[in-house]
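Chemist: Have a look; sequence and predicted model below, questions after that.
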Number of protein chains: 2
Amino acid sequence: MTDALTTTDPRTGETHDTALVATSDAAVGAAAAAAAKSFAALRWTGRAWRAGLLEALADALEAARDELVAVADRETGLGAARLTGEVGRSAFQFRLFAEALRDGGYLEATIDHAGETPIGPGPDLRRMLIPIGPVAVFGSSNFPFAFSVAGGDVASALAAGNPVIIKAHGSHLETSAATFVTLSAAATGYGAPSATLGIVYGTQAGRALVADPQVRAVGFTGSLDGGRALLSIIESRPDPIPFYGELSSLNPLVVTPAAARDRGDAVAEGLFGSFTLGSGQFCTKPGLAFVPAGDAGDAIVRQLADRARAAEPGVLLNERIGTSFGEIRERLVERGRARVVAMGSGERAQGFHATPTVLELDAAAVTPDVTEEAFGPLIVVARYATTADVFTALDAVPDSLTATIHAQPDESALIDELVRELVPRAGRVVFNGYPTGVRVAWAQHHGGSWPSTNSQHTSVGVSAIRRFLRPVAYQDAPAHALPVELRDGASDVPRRIDGVLTLPTA
Amino acid sequence: MTDALTTTDPRTGETHDTALVATSDAAVGAAAAAAAKSFAALRWTGRAWRAGLLEALADALEAARDELVAVADRETGLGAARLTGEVGRSAFQFRLFAEALRDGGYLEATIDHAGETPIGPGPDLRRMLIPIGPVAVFGSSNFPFAFSVAGGDVASALAAGNPVIIKAHGSHLETSAATFVTLSAAATGYGAPSATLGIVYGTQAGRALVADPQVRAVGFTGSLDGGRALLSIIESRPDPIPFYGELSSLNPLVVTPAAARDRGDAVAEGLFGSFTLGSGQFCTKPGLAFVPAGDAGDAIVRQLADRARAAEPGVLLNERIGTSFGEIRERLVERGRARVVAMGSGERAQGFHATPTVLELDAAAVTPDVTEEAFGPLIVVARYATTADVFTALDAVPDSLTATIHAQPDESALIDELVRELVPRAGRVVFNGYPTGVRVAWAQHHGGSWPSTNSQHTSVGVSAIRRFLRPVAYQDAPAHALPVELRDGASDVPRRIDGVLTLPTA
């Protein structure tokens, strides 16, 4: 009998002991205390210093790429090509936040000089955003790098000036440990405080982390149930802290009659590729597609089915996802009374696999029973006669991270109507494309109303940094007591001065 | 027996029936449904239209000023001068948000054109902030206008494009009703959707409002217990919604040895004015002052005591505050083992009154027992020998909305040390001034870590609007489907385009 945590190869189902053990509550407390101590130094570091830190992490990540990809492939079955791309994406993300730090706009530096106002004399006020303290980040199962130890929550929390303690996902423990060693060494080499990055292992350690008084915010990407469980721990803290959860999303997609008619083949091909990408294990997977009734729509469904039947089984990340995927598929068929167009099967002698499933029903039959997210290669196609059918059906669909419109350019009135219905229901609206593949950029948004996320936040794109900052205002402060960005004179950051936005002057 | 809600004159304690009754759960549901219906139109209104709406509200408020002040003075005892100023401040606040709408920077308009990136081709992405839906606002007892029906939560939620349903504070029901009639008529006259503004009365109506599925966020200014109660209702919703609570704040103030020596008289005068302003019923009231040991500090304490003993009793807002103030004062004396320098008394034949209380203890005796906020004219003076004593004591003090430093210009090293200790503990740091009197401005921040607020938000200043917005991104959208602010070409708002901040061009 050993206390070692185990890891499993999802291709074979074979499990072996890792060199890791579950982190005790006492060790979690020590990690949080160390992070708080490091924060006392980290919080006063300058933007340029932190930009350099992020770039050092990016460099180290890329230098260790092949080794990390090999470990991750064994633990996730996601394949070397996808994982190599994901490491590149994670490194890019660190560098994008370095760019955001050098830009400095994220500080929201604002200066109101003392003076007369319509309601009397006002003091000098200067405001900017500052870091909040140690941040707990829960790695997700489906992105062993980009939403895990090297992910966007970590990059944005560090960029803000906070130490980060990661709770490694149980599905890729060795990947997490190897990534942590890589990043941690780079941070130390750069001269960062020793507990700038920390890591804990095991479910109970995650709970203890969220309850720890030193932790100031939690970033989480995972299931609705998992998010709910952490939220309830936060609710029982004496001091509630922000919880940034990215939880569950069905990502509806609407194909207009003209799109079905003029480019149905391309839509079927693209849609199939999107809902089966990474074995359908994306939070942005299109899970519900509205396809018009009639021949053109029939052809799309037929092509989806043909592709599904011809598909090789894809690997699912772990046994829990494999089991739960099968159960949800069954529920959708039974409770949702969906027609089975192509029934995926995952049975192999070993490991966790699934071939794609295509279900079909009438748009009028879209009820909350068919809106459960199936994390895996499954799509529900809802056939509609009129646009009104689509809108009625959407009322039964929870809000999502994304919504997608496939339409032809001459349908501008219909597009505008769809936009008015879909924007209120989603965090990102995609036109004539697919929601999987989330560009990391200034304008990105990865969030949406509950249950897609629990807040008005994003976990991808530069504005993700704001989750881990809070404002502070200085009133009538002498110049030496102000952060450099708030002093009068030339500045290398954009600032709003006496109500007027000004560009950097230095 | 009547169902009429009652209101009380705090100067006399006399109570009379109002023409108002408690809003039934069914009526709350109807109000929320009506707000949601109005939101369907309001959400698509333009910035200029909403700026005009806010200005119409400001004009109407000022036109009704005398009448509103008379009602509010009867219900709050705050006096005509203060209340007249508060109406002016509230009108100014509506106009400041109108200015922010015309400016458009609050949208955070961001455009990333399609193109090659270091990790492959990226789609066109455009992001901005959009309104979230009906907002519930709980009026506070101590600001019958500026944090109530005509307050900052209402102004910022409306500016964002959301309907607002106000829960009237039980302590100034007739003021709330009269203000609501004024603003509501102005909104209707301007052509706003009929349920742009709504109001409900009674404690149970407030609970029902927070639980209502149509409500998308809650703004609250009040007690820690009240905030906790509403938070627990939110936690039991199927969809948690953001709660922006401004709850409890002790607002520590530090007088340095040189400030005590060189301008102790002025500090004593200013400090007395600040902690007794509005009978001490401000969330930014300095409740704990660190004064150096020795003669100069003794003189400050003596002057505070002299002023306290000479003071006329001030009116407290209601019986609950009066009772609770007495109880907390007793606890501070007994549990905190504070020396009573001046024991205020509130006893009059009628109404709710208090004269100022000054308590004193050694900084080493500052424990959580003396950090309870006393909502009324009370200050605890902590005497310290060394700066280290102050910092140790501050570890027992919960984070606050504000922290204040009184120092002399030649103490720059000490000032820097104080800043490093106080910035982490407060939302606003005030130098050589007093925290009461919160300038409404772009750079203002009225928030702080728990328990001062429960989030990284502000409820005063332009950025308050962000609490009631969420981001949405458009991917590869045709121009006609985009909000005007996100279309290529000239723009009247600041935008970040391909990573570069650009000023308005139109």
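Modeler: Here it is on my side, so go on.
Chemist: alpha carbons only for contacts and neighbour counts from here, please
Modeler: Will do.
Chemist: Outside of stretch A:239-246 itself, which residues are in contact with it?
Modeler: A:216-223, A:227, A:231, A:234, A:447, A:451-455, A:457, A:459, A:467, B:450-451, B:454-455 (CA atoms under 8 Å, 6 or more residues apart in numbering or on different chains).
Chemist: my bad, stretch A:411-419
Modeler: A:258, A:405, A:407, A:429, B:480-481.
Chemist: Reformat these as JSON lines; add distance to B:D112 and pLDDT.
Modeler: JSON lines is the format used below for these (distance: CA to CA, whole Å; pLDDT from 0 to 100):
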{"residue": "A:A258", "distance to B:D112": "28", "pLDDT": "98"}
{"residue": "A:I405", "distance to B:D112": "20", "pLDDT": "98"}
{"residue": "A:A407", "distance to B:D112": "22", "pLDDT": "98"}
{"residue": "A:V429", "distance to B:D112": "15", "pLDDT": "98"}
{"residue": "B:H480", "distance to B:D112": "17", "pLDDT": "97"}
{"residue": "B:A481", "distance to B:D112": "16", "pLDDT": "97"}
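Chemist: and A:A229, how many residues sit next to it?
Modeler: 12 (other CA atoms under 10 Å in any protein chain shown).
Chemist: For A:K167, see how far away A:A136 is.
Modeler: To A:K167, A:A136 is 7 Å away according to CA to CA, to the nearest Å.
Chemist: same thing with A:D295?
Modeler: 50 Å.
Chemist: Please say which of these two ends up with more neighbours.
Modeler: A:K167 (28 against 11).
Chemist: any idea whether A:V137 is helix, strand or coil?
Modeler: strand (DSSP: H, G, I helix; E, B strand; the rest coil).
Chemist: list the contacts for it?
Modeler: A:148, A:153-154, A:164-167, A:218-220.
Chemist: Please tell me how far it sits from A:L422.
Modeler: A:V137 is 30 Å from A:L422, by CA to CA.
Chemist: same thing with A:W450?
Modeler: 15 Å.
Chemist: Kindly report the same for A:A464.
Modeler: 23 Å.
Chemist: What of A:M128?
Modeler: Distance from A:M128 to A:L422, by CA to CA: 34 Å.
Chemist: repeat for A:V87
Modeler: If you go by CA to CA, the gap between A:V87 and A:L422 works out to 33 Å.
Chemist: Run through the neighbouring helices and strands of the lengthiest helix in chain A.
Modeler: Longest helix in chain A, counting residues (DSSP state H): helix A:80-103. For helix A:80-103, the elements it packs on are helix A:47-63, helix A:65-76, helix A:152-160, judged by 3 or more CA pairs under 8 Å, 6 or more residues apart in numbering or on different chains; DSSP states H and E.
Chemist: which residues touch A:Q350?
Modeler: Applying CA under 8 Å, 6+ apart, we find A:Q350 in contact with A:11-13.
Chemist: SS state for it?
Modeler: Assignment for A:Q350 (three-state DSSP): coil.
Chemist: What pLDDT is listed against A:T505?
Modeler: Reported pLDDT at A:T505 in the predicted model: 89.
Chemist: these two touch, right, A:V397 and A:P368?
Modeler: Yes. If you go by CA atoms under 8 Å, A:V397 and A:P368 touch, sitting 6.5 Å apart.
Chemist: So which of the two has more stuff around it?
Modeler: A:V397 (22 against 15).
Chemist: For the more buried one, what are phi and psi?
Modeler: phi -100, psi 130 (degrees, to the nearest 10).
Chemist: contacting residues around it?
Modeler: Contacts of A:V397 by CA under 8 Å, 6+ apart are A:250, A:367-368, A:371.
Chemist: pLDDT added to those, as a markdown table?
Modeler: Formatted as a markdown table, the contacts of A:V397 follow (pLDDT from 0 to 100):
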| residue | pLDDT |
| --- | --- |
| A:L250 | 96 |
| A:T367 | 93 |
| A:P368 | 90 |
| A:T371 | 91 |
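Chemist: Of these, just say which sits nearest to chain B.
Modeler: Relative to chain B, the closest of those is A:P368; by CA to the nearest CA it sits at 13.9 Å.
Chemist: Who's the closest spatial neighbour of that closest one, skipping the chain neighbours?
Modeler: Using CA to CA, 6 or more residues apart in numbering or on different chains and skipping the chain neighbours, the partner closest in space to A:P368 is A:A396 (5.4 Å).
Chemist: Same check on A:T436?
Modeler: In space, A:T436 is closest to A:T284, 5.2 Å off (CA to CA, 6+ apart).
Chemist: Next, the closest residue to chain B within the stretch 201-350 of chain A: phi, psi?
Modeler: Here the stretch 201-350 of chain A gets closest to chain B at one residue, A:D239, 6.0 Å apart by CA to the nearest CA. For A:D239, the backbone dihedrals (degrees, to the nearest 10) come out as phi -120, psi 110.
Chemist: Report pLDDT for the residue at the greatest distance from the centre of chain A.
Modeler: Centroid-distance maximum for chain A: A:G120 at 46.6 Å, with CA atoms, centre = their mean. Note for A:G120: predicted pLDDT of 92.
Chemist: May I have the phi/psi pair for it?
Modeler: Dihedral angles (degrees, to the nearest 10) for A:G120: phi 110, psi 180.
Chemist: still on that earlier bit, which ones among the contacts of A:V137 map onto strands?
Modeler: A:164-167, A:218-220 (DSSP state E).
Chemist: Neighbour-wise, give me the winner out of the residues you listed.
Modeler: A:V164 leads these on contacts (other CA under 10 Å) with 31 neighbours.
Chemist: Tell me what that one is bridged to.
Modeler: Beta-bridge partners for A:V164, by DSSP bridges, are A:V135, A:L197.
Chemist: From A:H172, how far out is it?
Modeler: For A:V164, the distance to A:H172 - CA to CA - is 19 Å.
Chemist: Sort out which residues of stretch A:352-363 are buried, please.
Modeler: A:352-363 (16 or more other CA atoms under 10 Å in any protein chain shown).
Chemist: can you check stretch A:270-277 too?
Modeler: A:271-277.
Chemist: Just give the closest residue to A:E319, not the sequence neighbours.
Modeler: Spatial nearest neighbour of A:E319, chain neighbours left out: A:F352 (6.2 Å); criterion: CA to CA, 6+ apart.
Chemist: shouldn't the one you found be in contact with A:P10?
Modeler: Yes. Assessed by CA under 8 Å, A:F352 is found in contact with A:P10 at 5.5 Å.
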